[in-house]
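Colleague: What follows is a predicted structure for the sequence shown.
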Amino acid sequence: MNWITIAWPMVASACLTLGLIELRIGLTQPPRAARLLFALSAFAVAGIAGLELALTRADSLADWWPLMRWLDIAVGVMMVSLTAFIWVYFGTGNTWLALAVPGLYAVGLAFDYLSGSGPGSGMTYQQITGFRTVETFGGVTFNLAEGVPNPWNVFPYLAVLVLIVFVVDASARLWRRGGRWRAAVVGGAVVVFFLVGGGQAALIETGAVQMPYLISWAYLAILVAMASELHADVLAAAQLASRLQDSEMVLQRLRSQLAHASRVSLLGQLASALAHELNQPLGAILRNAEAAELFLAQEPPDLDELRAILVDIRQDDLRASGVIERLRSLLKRRSLAPCALSVGDLLSTVAALTRGDATARKTRLEIAAAPGLPLVMGDAVHIQQVLLNLVLNAMDAVGHLPAERRQVTVGAQRRDERDLEMTVSDGGHGIAPEQLGQLFEPFFTTKPHGMGIGLAISRTIIEAHGGRIWAENNTSAGATFRFTLPLVEESTAP
Amino acid sequence: MNDPSARDHGPVVHVVDDDASFLVAVGRLLRAAGCTVRTFASAAELLAQLGDTAGCVIADLRMPVMDGLDLQQALLRQANALPVIFLTGEGDIPTSVRAMRHGAEDFLTKQAPQEDLLAAVDRAIARDARQRAEGARLRALRARLSTLSLREHEVLQHVVRGRLNKQIAADLGIGERTVKLHRTAITTKLQLRSVAELTRLVQELGVLVEHPPTCPKGQ
């Protein structure tokens, strides 16, 4: 164990770590090519770091030669992947320069695989003359190959130069387009990396300095630059997420206001019928009170009749306050608050709210709920709103029929273990097949004075409950609207 | 609640409302005010049981199947066209205009003052009584008219057009004296004293004179 055997693996693991992060980001849907290319370069450099470390241990040609060939391949992979990365990441670059990098490097790499003139003949050296052990800081030693440099080694260095030119050019283009930060940081880091890494390698190979290769160390510049990019991305994502959350809340509030507005307009449609509903008990109370006065004036007063009158007045008072209570709950502005609901209660409230209107339109409203239905999970007011919408639409749909055929049926039955299905059927004209899909779109309406809001809001409400809503034509006549609601889970049901 | 014996006696207020509690309350009030009352939960029920009872009808305007206006039409079509007072939850102008145009006695809200309701009932009963008396008079006249012979019918038609006996005789190809005899017979049978009275009567029963069902020369 010495600092060399600690430092190089650390560089390699830094490369691997960022490479894995970038790979993970690159593989999200849809895949991002720039991130994948950068991950590839980082893995290649991790490999380079390992090879550099192994080379410091090599003291024979047999050890050194395969390591050197692998190093040349790894450097090639790193250069090509970085070129492609810059090209894709910056979204700009000179095509000829980009293609020249692998071309020139391939020419140099070919020497590794040609039968050369002497031992160790390849891209870097014409011939290896021997190995030297060098001592450096802290008394640590490493091995170094010595040999005659290959003049054709100019090709890989040309490739490096072209790459630097390519990156400078691409950075300048990006700078002009406004991506100044990225051009300066990433472009600058890549240029620094190649100047330092390439320059140091050249000095080693010409014998000017006696050091291990530091290509992987130079790469740290790029790692830092990309980590800062990643950092900026993460910050931007966090900001975006919080903005999204804000707009989600705004949307939620708007949706709830819209639902409220649509409820108010629904009640507007029912207003005259509801006034009638209210006037019945009020009228009855008044007449009973007047009758009571007359009975009291009789001699002797008819006490039995008076008692009966009081009972009736009390009942009518309850009836009137029931109407007002139903109205009030629908008019209240409130957000979705689901709880366990009885289907029977839901249906009877809707029947009570629409009874007057149905009478005025001479339409029969039939409630056909299967007996013993389990509780559903939902917000009573919102589900009543959906039912009211569907029932009023259905009454519109049968309005043109002769009175004896004007019927709207509201049904409820269990659909499966998890859902209940509610249906509203009419015997009208049905829905044109091409409109079935559009019915729930906002602002889609088939009525001359319709807003196209009711069904769209109904869908929002049902989907917020985790249900579905759809319409279909009946086989006989008219249409049926269906929606599902989740049942209260068995364990939580009382 | 319903008093079957009322059928044979004085006027009966018939109340129709699909709302049971309002029906009971109005029934109570009217009874306490001294009316004879029969209540019905639907227009069809009333029409089925109405018969020839005198009085009036109080109907809710808004009822399922057959509403107040339908009931009014049905009453006008049948023999016993009782005056109708409409009660409604809330007044709407087009409906009330329609109702009044078809001869509704009144159009009141369900919370209208008791005095208005009772006054309307009194008016309606009085109107029914007038209509009945008038009907009885016309029926009697019609009965007397039917005792005329065919020839007397013919002469009558000429007389009411203001033609002279001479012209009538020429038209019918009979003697003037015979026309005079027919005229005397007509006034006697119809229990009239003057031609003026005769003309008024014929105006009232116009259709019957113009188109006597048995007249062979009907115009």
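Modeller: Nice, I can see it.
Colleague: Name the nearest residue to A:Y105, sequence neighbours excluded.
Modeller: Closest residue to A:Y105 apart from its sequence neighbours, by C-beta to C-beta, 6 or more residues apart in numbering or on different chains: A:A159 at 4.0 Å. In short, each C-beta sits where N, CA and C put it, glycine included.
Colleague: tally of neighbours for the one you found?
Modeller: A:A159: 27 surrounding residues under other C-beta atoms under 10 Å in any protein chain shown.
Colleague: quick one: the strands in the stretch 101-250 of chain A?
Modeller: A:125-135, A:141-149 (DSSP state E, counting those that start in this stretch).
Colleague: Include mean pLDDT, distance to A:A183 and mean neighbour count when you put those strands into JSON lines, please.
Modeller: Converted to JSON lines, the strands of the stretch 101-250 of chain A look like this (pLDDT from 0 to 100; distance: least, C-beta to C-beta, whole Å; neighbours: other C-beta atoms under 10 Å in any protein chain shown):
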{"stretch": "strand A:125-135", "mean pLDDT": "84", "distance to A:A183": "38", "mean neighbour count": "15"}
{"stretch": "strand A:141-149", "mean pLDDT": "85", "distance to A:A183": "35", "mean neighbour count": "17"}
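Colleague: Distance to B:E154 for these - can I get that in a markdown table?
Modeller: Output for these, formatted as a markdown table (distance: least, C-beta to C-beta, whole Å):
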| stretch | distance to B:E154 |
| --- | --- |
| strand A:125-135 | 150 |
| strand A:141-149 | 150 |
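Colleague: Assign a three-state SS to the residue in the stretch 1-150 of chain A that chain B sits nearest to, would you?
Modeller: In the stretch 1-150 of chain A, the residue that lies nearest chain B is A:Q29 (58.9 Å; C-beta to the nearest C-beta). State at A:Q29, reduced to three classes by DSSP: H, G, I helix; E, B strand; the rest coil: coil.
Colleague: Tell me the pLDDT of it.
Modeller: We have a pLDDT of 73 for A:Q29.
Colleague: Identify the residues contacting A:A352.
Modeller: Neighbouring residues of A:A352 by C-beta atoms under 8 Å, 6 or more residues apart in numbering or on different chains: A:277, A:322-323, A:326.
Colleague: Select from those the one having the most neighbours.
Modeller: A:E277 (26 neighbours).
Colleague: Please verify my assumption that it contacts A:R355.
Modeller: Yes. Under the criterion of C-beta atoms under 8 Å, A:E277 makes contact with A:R355 at 7.0 Å.
Colleague: hang on, the earlier thing: nearest to A:S476 among the contacts of A:A352?
Modeller: Distance to A:S476, by C-beta to C-beta, is smallest for A:E277 among the contacts of A:A352, at 32.2 Å.
Colleague: Quick check: which element contains the closest one?
Modeller: Secondary structure assigned from DSSP states H and E places A:E277 in helix A:215-297.
Colleague: Let me see the mean pLDDT of the next helix or strand after that helix.
Modeller: Sequence-wise, the next helix or strand beyond helix A:215-297 is helix A:303-331, with elements assigned using DSSP H and E. The average of the pLDDT scores along helix A:303-331 is 89.
Colleague: tilt between helix A:303-331 and helix A:215-297?
Modeller: 160 degrees (axes from the mean of the first three to the mean of the last three C-alpha atoms, to 10 degrees).
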